[in-house]
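**Q** Below are the sequence and a predicted model for it; my questions follow.
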Amino acid sequence: MQMVYNSDSYVVVEFDLGQNAEGEATRERTGGYEIVDKFARKEIFLEGAVAESFKRGVNALAETGPSEEEFDNFIAGYTQLAQQPVVLH
């Protein structure tokens, strides 16, 4: 687990895929990205093809030297799907 982005609006955490002894990804895709919308207090977990699409989009955006607002706008497109409320214990 690694925090890859943190702004006033969002937190993005990457969960790595499981790996075998040779360091290759296993068939079970257990990795993905958790995105927390701090203002809406909701989160979403992206996995599989959606997580890969998110990663490609972030990498392409990063190459342009975006502002925090541009990153937040990109992330907002995914958080519109968030249904899970964030609950603090």
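**A** Cool, got the structure.
**Q** C-alpha from now on. contacts and neighbour counts both.
**A** OK.
**Q** Tell me the pLDDT of M3.
**A** Per-residue pLDDT puts M3 at 93.
**Q** Am I right that it falls within a helix?
**A** No. M3: not assigned to a helix; according to DSSP: H, G, I helix; E, B strand; the rest coil it is strand.
**Q** That one contacts V12, doesn't it?
**A** Yes. If you go by C-alpha atoms under 8 Å, M3 and V12 touch, sitting 6.0 Å apart.
**Q** ok, those two, which is more surrounded?
**A** A side-by-side neighbour count of M3 and V12, using other C-alpha atoms under 10 Å, places V12 first with 20 against 12.
**Q** Which residues are in contact with the more buried one?
**A** Contacts were defined as C-alpha atoms under 8 Å, 6 or more residues apart in numbering; by that measure V12 touches 3-6, 33-36.
**Q** any idea which helix or strand carries it?
**A** Per DSSP states H and E, V12 falls inside strand 10-15.
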